[in-house]
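K.L.:
Sequence and computational prediction follow.
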Amino acid sequence: MEIKKAVIPVAGWGTRSLPATKNVPKEMLPIFRKPIVQYIVEEGIGAGISDVVFVTNQNKTIIEDHFDRNFLLEQLLERAGKTGMLDEVRRVADMVNVIAVRQKEQLGLGHAVLTAREVCKNEPFAVMLGDDLMFGRNTGIGELIKAAQITGKAVVGVIEVPEEKVSKYGVIKGEKIEGGMYRVTKLVEKPPVAEAPSNLAIIGRYVLLPEIFEILEKQKAGVGGEIQLTDALQGLADQDKLVAVKLAGQRFDAGDWVEYLTANIYFALHDEELRDELVKRLQELLSCSG
Ligand code: UTP
């Protein structure tokens, strides 16, 4: 099974990140030197993705522009002799093929995926959400692609979360099978701690097969009046067509301010030029009482 396309839904309103996201898409907020969406696209490229399908709306065109050439900027950088930055700007523009489809009404994540149907047609495809940033070895969408290739089934990414935090997430019930995978039997959205079937929380990485479109087409609105992808995945689980892969590594929820800021610090601390200066400033801040 070859997976070349990744659907990246970006049509949501990003209400958790307002007012920063009033006019700037959540996916374009920077984490250290790059916008969030570039990390997502680079993770996909690392796993063999060559085409990204942005499910977008009329206020989000700057996301597509980020992965396009900008000749005026390139001329300016060339004239200024800023060749390192020029190479970087061109590298980003050329890194991936971009396809954009418009979700004309924001009817939910399930509906956003359905909007990509004409582009994905009969191929298996990845879905990657910008809220979840994954870093480390052997983590992210590449692990899900391997699982789909082994099992021939749709795959959802999960992470282990502390038990007291399960009610913030969608959680799976599953039986352990080989290679860190689970056969998923049930998906429960935000369960009370006492009723959670596990502490394995669903994060924004999926590999789906075209069969999902038939389910999504008939899917009625669920929680919040939205067409939920999780409800459609339950349809797959009912037919024993869904596995979960437990992902390790660092994960940041970019829609949560503490996590977003921590991700910025994580990357800055990994930058040799900035590290020492940043540590010094942070120490000063922590020791200052005012
Ligand atoms: P969320 O509901 O978590 O994101 O959808 P949101 O609406 O952007 O942000 P908050 O929660 O209000 O802060 C998960 C993903 O699905 C996309 C969003 O852009 C986000 O990446 N989405 C959601 C769509 O593309 N279309 C929709 O109708 C709903």
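P.N.:
Received the coordinates, thanks. Residues are numbered from 1 along each chain as shown.
K.L.:
For stretch 120-133, which residues meet the burial criterion?
P.N.:
Within stretch 120-133, the residues that count as buried by 16 or more other C-beta atoms under 10 Å are Cys120, Pro124, Phe125, Ala126, Val127, Met128, Leu129, Gly130, Asp131, Asp132, Leu133. Yep, even glycine has a C-beta here, placed from its N, CA and C like the rest.
K.L.:
Could you measure from the second one over to the ligand?
P.N.:
Spatial separation of Pro124 from the ligand under the definition C-beta to the nearest ligand atom, to the nearest Å is 20 Å.
K.L.:
That residue and Leu209 touch, don't they?
P.N.:
Yes. Taking contacts as C-beta atoms under 8 Å, Pro124 lies within contact range of Leu209: 4.9 Å.
K.L.:
list residues touching both of those two?
P.N.:
Ala148 (C-beta atoms under 8 Å, 6 or more residues apart in numbering).
K.L.:
how about Phe54, what does it touch?
P.N.:
Phe54 touches Ile8, Pro9, Val10, Lys60, Ile63, Glu64, Val98, Ile99, Ala100, Val101, counting by C-beta under 8 Å, 6+ apart.
K.L.:
Might you report the residue contacts of Ser233?
P.N.:
Not Ser; residue 233 is Leu. Ala154, Val156, Val184, Leu187, Tyr206, Leu242.
K.L.:
so what's the first one up against?
P.N.:
Counting by C-beta under 8 Å, 6+ apart, Ala154 makes contact with Ala148, Tyr206, Val207, Leu208, Leu209, Glu211, Ile212, Leu233, Leu236, Lys241, Leu242, Val243.
K.L.:
mind pulling up the phi and psi values for it?
P.N.:
Geometry field for Ala154 lists phi and psi as phi -70, psi 150, criterion degrees, to the nearest 10.
K.L.:
Who wins on neighbours among the contacts of Phe54?
P.N.:
With neighbours taken as other C-beta atoms under 10 Å, the top of the contacts of Phe54 is Pro9, carrying 27 neighbours.
K.L.:
Would you mind naming what in the stretch 151-290 of the chain lies close to the ligand?
P.N.:
Gly255 (C-beta under 6 Å from any ligand atom).
K.L.:
Where do the helices of the stretch 151-290 of the chain begin and end?
P.N.:
Assigned helices in the stretch 151-290 of the chain, in chain order: 211-218, 229-238, 257-269, 272-287 (criterion: DSSP state H, counting those that start in this stretch).
K.L.:
Highest average neighbour count across those: which stretch is it?
P.N.:
helix 229-238 (a mean of 21; mean count of other C-beta atoms under 10 Å).
K.L.:
The residue in the stretch 151-290 of the chain that the ligand sits nearest to and Lys26, how far apart?
P.N.:
Closest to the ligand within the stretch 151-290 of the chain is Gly255: 5.0 Å, counting by C-beta to the nearest ligand atom. Gly255 sits 7 Å away from Lys26, going by C-beta to C-beta, to the nearest Å.
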